[in-house]
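A.B. asks: the following block contains a protein sequence and its predicted model.
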Amino acid sequence: MRWFDDFFERQARNVALKTSRRSALLRIGRVMVGTAFLLPVLPFDRQPRAQHGAIDDGKHDPLDPERCEYWRYCSLDGTLCTCCGGSITTCPPGSEPSSVTWIGTCHNPEDGKDYLVSYNDCCGGASCGHCFCNQNEGERPGYRMGIHNDINWCMGNESSVYHCTVSVVLGESGAKAG
Amino acid sequence: MRWFDDFFERQARNVALKTSRRSALLRIGRVMVGTAFLLPVLPFDRQPRAQHGAIDDGKHDPLDPERCEYWRYCSLDGTLCTCCGGSITTCPPGSEPSSVTWIGTCHNPEDGKDYLVSYNDCCGGASCGHCFCNQNEGERPGYRMGIHNDINWCMGNESSVYHCTVSVVLGESGAKAG
Amino acid sequence: MKRVSTSILTGLALLLGCRLAMAELQPETLTVGKLPPANPHRIYLSDLGGLGHVVDGRIHLVDGDSYKYLGAIPAAMFALTALSPDSSEMYLATTYYTKLNRGKRFDQFEVYDTATLKLKSEIEIPAKHAQALPYKGTMVSTADGRFVIIQNATPASSVTVVDRKAEKFVTEIETPGCWIILPAASNARRFATLCGDGTLLTVTLDDDGQAVSQQRSAKLFDAEKDPLFVQAEHIGDSYYFVSYEGNLHQINVGGDTAVLEDKWSLVDDADRAAKWKPSGYQLTALHAPSKRFYVAMHDNAYDGSHKNPAKEIWVFDLATKQRIQRAPGSNSVAMALSKEEKPVLFTYDGMTAEFVRYDTVPELKPGARSKPVGEFAGLVQLH
Amino acid sequence: MKRVSTSILTGLALLLGCRLAMAELQPETLTVGKLPPANPHRIYLSDLGGLGHVVDGRIHLVDGDSYKYLGAIPAAMFALTALSPDSSEMYLATTYYTKLNRGKRFDQFEVYDTATLKLKSEIEIPAKHAQALPYKGTMVSTADGRFVIIQNATPASSVTVVDRKAEKFVTEIETPGCWIILPAASNARRFATLCGDGTLLTVTLDDDGQAVSQQRSAKLFDAEKDPLFVQAEHIGDSYYFVSYEGNLHQINVGGDTAVLEDKWSLVDDADRAAKWKPSGYQLTALHAPSKRFYVAMHDNAYDGSHKNPAKEIWVFDLATKQRIQRAPGSNSVAMALSKEEKPVLFTYDGMTAEFVRYDTVPELKPGARSKPVGEFAGLVQLH
């Protein structure tokens, strides 16, 4: 259970780190400036937006769960279950929730509070591929596994085929928690 | 060996059918008129041209083997081995020629002659997906299997994974052959 | 140790410094979503997955009213796909390799529950299933749902018979030079198939699924000069085929041998002069109660244009043999009609990968377009 | 009966009516093509295959001079990929399921010949290989090529040791909370790994590949306030890491425990004011002979921008610790330098999926762009 203890130790410290947070709206679209493609922050995404990507029509609505800029997705690197037959907190039929997750801390513009968000991957079946997003607020390399998003969090499931990602609110994040 | 006999009987009759033939150049681009996408005749192709499709810049050179309008490809429905690490008559390294093929009869604008062309699929490895073409001159439904191209001609190989398609000249096609 | 349930994770995370008292959002529970109840506008789109990923096909489920994506059924490699007669199940015949694209090949017949997208049944079948584009008629249930007939190609042609009652493979029946399965409505142990010499082969099974008779018809169509598209619609035992040249063939498959009941042209002299011909993959649809027949058409036809996207969709009344409407084609390469009194027609645009929803009453009229869906998709089925 | 060789088909077709005497084109023979001999500009691009097809990854081979596509190595699911020290082999650690995306999972270490793209060896390994994006350092050969060390994650961290001499799996070594394998150049039985508490763990193997020592360093970096990117370049035992805030860390892994040899900032006050920071995936490159160090940078950095495509590439002289050039970034998310005296730098554009070829001598200068290649690609390796 060592990884498990380490995992939560790290989560707690990460939460403590996040003392200030800017609105998701402030930092949107910077990468797009001067590029010919309407691709947001998606270094590894080579799929056409029209077919696979989330909508990017220049509107960046932090309250639309089918857009990458939805506030809960602040550290979500993957495809949105809302575009794959699921919802913010449900896996699409035919897939299963991952048994392990990574964590983000995101600012909800509606109530002005920060929340701990669990990013579960949904696993199994044919992978979805719709609405790819790559948000990395608070993301860290693999030596901080619990807040690392460049790995398949279906890794521990019976079928580790990646399907899509949900974002489940675990609770409010205390500014000095942990 | 019944299918085999039927197969060649059909080939021969098909050859006989082809008494007149128009230049590939005459019939190009018609489907594109009025469409927003630069997709040529590719009903089943939903891949982005920039990434997967053969070049389509409006030039339809019947002598460029990386373009769908290359004269030998008159009945080729698949991806071009010339874009996948192979050539007109070689499979890409790591793949294997299909043991069975379909046949077309294509007009060579360079010498004005019609040729019997064997469309072998190359099989195995990771499928390629580059330069998809969908040309159907003389193509017939599955009850004329030897000239049917909506089936995977890697079907008989040890690995039936479709990789790409070559076009091998079998010889000149006599107008009244068979 | 390897697995930790989400609820445990949630609980621990809460212990570690979440100030729930002030939170407006309460901790949430992750579940697996359910499909909304099926309605006649639920679309099933068979997708090979792209020629760059032929090992990884799937069937997309899309709500035809909202165009919301509902989910997918994994279909592996070059799967044949068909809804069961009552749409409660999706059948697949597909290929696996033990190491993705190498190792041992094995083919399976699989049944998915269309209410849950869960696998209900899987049966190994001969490793011969036709690795074809998903054409209608490559896998069909008998009228009573007892047997499923699967098209094989090695490329020699045969069919595999699966018994849904016993849930087992029954037999393989050779059908040399023939293609597409056309079950008889009046005889749940009988199907016909189109052959390369212009005949139809009629196969009759016994109650165990074994072939007891194979009868070849007279030559009913000209496979050389005017071949039939294999996509067919039927009313009872009468199947309606269109040919490359636009001739409608009505063929009855109910008897020991198939017979040509009628043949007439969809095009008149003016159409012929403009070279209007049928084209596409799933290029016809039929509403049996009203006898309205829908055909994808294109003009300026040439040798090889028979799969082109539709320029127009023509509507015929099979009772009067009259064309009653020409409507925009929306680049259709596949179409399907809902099972309703006033059906809607969904077409799949071969250029944009979008669905278009047409009203059919009082007349055929294109309406809402979906977002693009599918990568190398063909067959459209409606619940 | 199932198989008919192409030569037989060819022969028979010829009998059936080809008038060879008049043909200008003679009958051709189908063969399997050979790769052109490798040169230092041959590119290997690791591609997960797209998030819609994660089961079907591959490594693309592209000629960096002509940008011609040379072929692909199949990589299955979330493969780790690395060239052997002499580039004659490509290593993979990957996952299979017996039924594509279900059934039994098994992981394999595989070796492909880069001259032929043929599989040379395959060894089953614990089903724990890190299903990560293809980061450099997730699988590395020891300096002598004897052992290959593979990163595992369940998500508990460990490494798998494979013996290339015996061609067998040796052992699994726990490396809790640590990530990325950094082999020592001076000791072919030693590697270090970065840990979440800011230390490095140094593991020493015996000649059988078993761990004989595991030593933890002092805290060498601040994993909370200024974490290190895991992508690292090395000269001998000295690894060069950049941190999120732009501090270069020089860490020596040759001894029993790792030591911080040097640390200095890549950004000055003006850069800091404009928020210039490193970013990308494979975001640095190093030419050891000239000590030229290349870093992908972006300005207006914010929390979460550390993977953004490069706005500029900065060139440093590690001897003088001076920035000697700023060049356009070409939206690079990955880069690799050729193994040449006057190397070229290939970058991979995260917005367009195109390669850009930079000259580095006399200065860094972007040149020809490729066509797009790859769907969800990352790691770039040069032969």
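C.D. replies: Done, it's in.
A.B. asks: what mean pLDDT does stretch C:83-90 get?
C.D. replies: Per-residue pLDDT over stretch C:83-90 has a mean of 97.
A.B. asks: just the buried positions in that stretch, please.
C.D. replies: C:83, C:87, C:89-90 (16 or more other C-beta atoms under 10 Å in any protein chain shown). (Each C-beta comes from the backbone N, C-alpha and C, glycine too.)
A.B. asks: also stretch C:25-32?
C.D. replies: Counting neighbours by 16+ other C-beta under 10 Å, one finds that the buried residues in stretch C:25-32 are C:25, C:27-28, C:30, C:32.
A.B. asks: what about the closest residue to chain D within the stretch 201-350 of chain C, neighbour count?
C.D. replies: Proximity to chain D, evaluated over the stretch 201-350 of chain C using C-beta to the nearest C-beta, is greatest for C:Glu224 at 15.8 Å. C:Glu224: 16 surrounding residues under other C-beta atoms under 10 Å in any protein chain shown.
A.B. asks: how is chain A carved up into domains?
C.D. replies: If the domains of chain A are taken from automatic domain parsing, they occupy A:2-38, A:71-172, with pieces of a single domain joined by a plus sign.
A.B. asks: hey, which of those is tucked in deepest?
C.D. replies: Ranked by mean neighbour count, those are led by domain A:71-172 with a mean of 25 (mean count of other C-beta atoms under 10 Å in any protein chain shown).
A.B. asks: thinking again about what came up before, which of the domains of chain A has the lowest average pLDDT?
C.D. replies: Looking over those, mean pLDDT reaches its minimum on domain A:2-38, with a mean of 30.
A.B. asks: on that earlier part again, with respect to chain D, which of the buried residues of stretch C:25-32 is nearest?
C.D. replies: With C-beta to the nearest C-beta as the yardstick, the closest approach to chain D among the buried residues of stretch C:25-32 comes from C:Val32, at 15.8 Å.
A.B. asks: bridging residues for C:Arg323?
C.D. replies: When assigned by DSSP bridges, C:Arg323 has beta-bridge partners C:Phe316.
A.B. asks: dump the residue contacts of it.
C.D. replies: C:266, C:314-316 (C-beta atoms under 8 Å, 6 or more residues apart in numbering or on different chains).
A.B. asks: what do you get for C:Lys219?
C.D. replies: Contact criterion C-beta under 8 Å, 6+ apart gives C:197-199 as the residues in contact with C:Lys219.
A.B. asks: buried subset of those residues?
C.D. replies: C:197-199.
A.B. asks: among those, which are within reach of chain A?
C.D. replies: The subset of those within reach of chain A, by C-beta under 8 Å from any C-beta of the partner chain, is empty.
A.B. asks: got these as TSV, with secondary structure columns?
C.D. replies: As requested, the buried ones among the contacts of C:Lys219 are arranged in TSV below (DSSP: H, G, I helix; E, B strand; the rest coil):
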residue	secondary structure
C:Asp197	coil
C:Gly198	coil
C:Thr199	coil
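A.B. asks: ok, which stretches of the stretch 1-150 of chain C are helices?
C.D. replies: Secondary structure of the stretch 1-150 of chain C (DSSP state H, counting those that start in this stretch): helices located at C:6-15.
A.B. asks: returning to that earlier point: JSON lines for the contacts of C:Lys219, including distance to chain D?
C.D. replies: What follows is the contacts of C:Lys219, written out as JSON lines (distance: C-beta to the nearest C-beta, whole Å):
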{"residue": "C:Asp197", "distance to chain D": "18"}
{"residue": "C:Gly198", "distance to chain D": "21"}
{"residue": "C:Thr199", "distance to chain D": "23"}
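A.B. asks: would a markdown table of the residues you listed with distance to chain B and pLDDT be doable?
C.D. replies: Listed next are those as a markdown table, based on distance: C-beta to the nearest C-beta, whole Å; pLDDT from 0 to 100:
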| residue | distance to chain B | pLDDT |
| --- | --- | --- |
| C:Asp197 | 9 | 97 |
| C:Gly198 | 9 | 98 |
| C:Thr199 | 10 | 98 |
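A.B. asks: ok, residues contacting the strand or helix carrying C:Val295?
C.D. replies: Secondary structure assignment for C:Val295, by DSSP states H and E: strand C:292-298. Residues outside strand C:292-298 that contact it (C-beta under 8 Å, 6+ apart) are C:233, C:240, C:242, C:246, C:248, C:266, C:276-280, C:283-287, C:305, C:308-318, C:324, C:329, C:332-333, C:335, C:337, C:345, C:347, C:360, C:364.
A.B. asks: check stretch C:225-237 too.
C.D. replies: By C-beta under 8 Å, 6+ apart, the surrounding residues in contact with stretch C:225-237 are B:17, B:140-144, C:135-137, C:179-180, C:182, C:184-186, C:194, C:221, C:239-245, C:247, C:249, C:252-254, C:278, C:281-286, C:288, C:291, C:293, C:306.
A.B. asks: if we use 6 Å, what do you get?
C.D. replies: Under the contact criterion C-beta atoms under 6 Å, 6 or more residues apart in numbering or on different chains, stretch C:225-237 has outside partners B:140-141, C:136, C:180, C:184-186, C:221, C:239-245, C:252-254, C:282-284, C:286, C:288.
A.B. asks: just stretch A:126-139 next, same as before
C.D. replies: Under the contact criterion C-beta under 6 Å, 6+ apart, stretch A:126-139 has outside partners A:41-42, A:45, A:52-54, A:68, A:73-77, A:79-80, A:83-84, A:104-105, A:149, A:161-164, C:58, C:72, C:74, D:51-52, D:54, D:303-304, D:307.
A.B. asks: what ranges do the strands span in chain A?
C.D. replies: A:77-79, A:90-91, A:96-108, A:113-123, A:132-134, A:162-165, A:168-172 (DSSP state E).
A.B. asks: list the helices and strands the longest one packs on?
C.D. replies: Which is strand A:96-108. On a contact count with 3 or more C-beta pairs under 6 Å, 6 or more residues apart in numbering or on different chains; DSSP states H and E, strand A:96-108 meets strand A:113-123.
A.B. asks: just the angle between the strand it packs on and strand A:96-108, please?
C.D. replies: Taking axes from the mean of the first three to the mean of the last three C-alpha atoms, to 10 degrees, one finds strand A:113-123 and strand A:96-108 inclined to each other by 160 degrees.
A.B. asks: any bit of strand A:113-123 sitting next to chain D?
C.D. replies: No - interface with chain D: strand A:113-123 contributes nothing (C-beta under 6 Å from any C-beta of the partner chain), its closest point being 9.2 Å away.
A.B. asks: that strand vs chain C: in contact?
C.D. replies: Yes - counting by C-beta under 6 Å from any C-beta, chain C has neighbours in strand A:113-123: A:116, A:120.
A.B. asks: what packs against that strand?
C.D. replies: The helices and strands touching strand A:113-123, judged by 3+ C-beta pairs under 6 Å, 6+ apart, are strand A:96-108, strand A:162-165, strand A:168-172.
A.B. asks: kindly export the shortest one (C-alpha atoms) in PDB.
C.D. replies: This points to strand A:162-165. Output of strand A:162-165 as PDB, limited to C-alpha atoms (Å, rounded to 0.1, in the frame of the first residue of the first chain):
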ATOM      1  CA  TYR A 162      -9.000   4.200 -22.300                       C
ATOM      2  CA  HIS A 163     -12.500   5.500 -23.200                       C
ATOM      3  CA  CYS A 164     -13.000   9.000 -21.800                       C
ATOM      4  CA  THR A 165     -12.600  11.100 -18.600                       C
END
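A.B. asks: count the neighbours of the nearest residue to C:Ser243 once chain neighbours are set aside for me.
C.D. replies: Ranked by C-beta to C-beta, 6 or more residues apart in numbering or on different chains and with sequence neighbours excluded, the top spatial neighbour of C:Ser243 is C:Asp226, at 4.6 Å. Residues lying near C:Asp226 (other C-beta under 10 Å) number 14.
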